[in-house]
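> Have a look at this prediction, sequence included:
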Amino acid sequence: MLLDQARKFDQDDSLASFRDCFFIPDHNGQPDLYFVGNSLGLQPKATSDYIAAELQAWQRLGVRGHFEDSHHESLPASTAGQWLDYHQRLTETMADLVGGQANEVIVMNTLTVNLHLMMATFYRPAKKRNKILIEAHAFPSDKNAVESQFALHGCKSSDCLIEIQPDQGQLFSTDAICDAIREHRDSLAMILLPGVQYYTGQVLNMQTIAAVANELEIPIGFDLAHAAGNVAMQLHDWNVDFACWCTYKYLNSGPGSIAGCFVHQRHATNTDLPRLAGWWGHDRDSRFQMTGDFNPIATAEGWQLSNPPILSAAAVRASLQVFADAGGMKPLVEKSKLQHRFFRDCLNEMLGDQVSVIAPEDCSGCQLSLEVKLDGIPGKQIYQRLEASGVRTDWREPNVIRAAPTPLYNTFEEIWTFVDRLQHAIAQA
Ligand SMILES: *Cc1c(COP(=O)(O)O)cnc(C)c1O
């Protein structure tokens, strides 16, 4: 029954053909069930052409590639352009994906680097207002970045770090977060939260939380590593101060690829804001006069440091084209919600209470964090059996399997097959 339903969903899926835009890794000649797009997204088939075009431009043009079109016959003419403003050709689609304006988004550096750049601007501790609020189970790099900012400012983490604990099992209610912000209103210099919590998969109510932070005039930033390309966002309308995300998870741009950063217009246009500066953030028209003055570009580009890695940016570009062709986040989120519902139906019907999902459906994106609760059987053993059968998920101690079907390349039938294999793995244990 459920398998028939899966096949029907796949038949009716207007995004089904996008699976062909990706290389699917295989296992003994069978395509993997690849449910780790939340960790490393798959490679679009066009990526190598986009990178090859820039490699060939470098071969043909050398340094002239900075100023001359790097057109390549394997790609549409619209993809040609000079390296000098290559990053600008990523901006519009990237901004659409997070609900930002073009002047608020810049693709640069990597996630943790961008977090530091944003904190250099937005964490301005004063005597009484010197604290940063994060969540108790923040991704290690986020906590490392925050604590090292304290050290740079001569503050002690024990005095300045506020870690909010989940109040509903492993999940946060929006009220608990908003109450914590209100409670510490006089001492908070900044707030840093995830858009989607990496372990539980919970999507936070960014809009409501940002509204409270705005009202109290506390700068708020979101780490969108697990949100970008996964859930719909309106960062501009929500008045989020800043946000950072990587492009190698749901954004399919390759390991360690160049990252995204959002600075709200009300800050991006303020060239007086303090920041860590570099020449690529300086006014483009006078950049090459090499005077050493720093007049920041009055957009998010004003936070750029270096001339960007073009080969990595080319991979981002190839991937963003797939998102644009698919119609952006709206249709993807619609399919993702349908897949999510179907995933839960399969789990309920085929596995009952042997496995539970941490986050409820109404605050989840692509990722389901499955808690394996079997007497005497270590969850990791189940995970390893899945791996051996060509199912790619990831394991998070102490007992969570994270599985994230993505609407661009996963099918409904794969979801059914995943639950079927999970059932077998449990039965064999
Ligand atoms: C994946 C991830 C990172 C990774 O940071 P990099 O600087 O790209 O290595 C950071 N924060 C969160 C929440 C993540 O999920």
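Great, that's in hand.
> what about residue 244, which SS state?
With DSSP: H, G, I helix; E, B strand; the rest coil as the basis, residue 244 sits in strand.
> That one reaches residue 223, doesn't it?
Yes. Contact criterion Cβ atoms under 8 Å: residue 244 and residue 223 qualify, at 6.0 Å. Quick note: C-beta positions are derived from backbone N, CA and C, even for glycine.
> Common neighbours of these two, please.
Common contact partners of residue 244 and residue 223 (Cβ atoms under 8 Å, 6 or more residues apart in numbering): 111, 115.
> Confirm residue 414 sits in a helix?
Yes. Under the criterion used here (three-state DSSP), residue 414 sits inside a helix.
> Look up the closest residue to it, ignoring the ones flanking it.
Once flanking residues are discounted, residue 414 sits nearest to residue 33: 5.3 Å by Cβ to Cβ, 6 or more residues apart in numbering.
> Quick check: beta-bridge partners of that neighbour?
Counting by DSSP bridges, residue 33 is bridged to residue 391.
> And it, how far from residue 421?
According to Cβ to Cβ, to the nearest Å, residue 33 and residue 421 sit 7 Å apart.
> sec struct for the closest residue to the ligand within the stretch 151-300 of the chain, please.
Closest residue of the stretch 151-300 of the chain to the ligand, Cβ to the nearest ligand atom: residue 225 (3.3 Å). What three-state DSSP gives for residue 225 is coil.
> Contacts only, for it.
111, 139, 194, 196, 198, 245, 246, 249.
> Next: residue 93.
Neighbours of residue 93 in contact, by Cβ under 8 Å, 6+ apart: 320, 321, 323, 324.
> The top strand by length along the chain pairs with which strands, and in what direction?
Determined from DSSP state E, the single longest strand within the chain is strand 188-194. According to DSSP bridges, strand 188-194 forms sheet pairs with strand 131-135 (parallel), strand 220-223 (parallel).
> Identify each buried residue in the helix or strand following that strand, please.
Using DSSP states H and E, the helix or strand that directly follows strand 188-194 along the chain is helix 206-215. Within helix 206-215, the residues scored as buried using 16 or more other Cβ atoms under 10 Å are 206, 209, 210, 212, 213.
> now helix 206-215, how far from the chain's geometric center?
Relative to its parent chain, helix 206-215 has a centroid offset of 20 Å by Cα atoms, centre = their mean, to the nearest Å.
> same question for that helix, mean pLDDT?
Confidence for helix 206-215, expressed as mean pLDDT, is 98.
> which two from the contacts of residue 225 end up farthest apart in space?
111 and 196 (13.7 Å; Cβ to Cβ).
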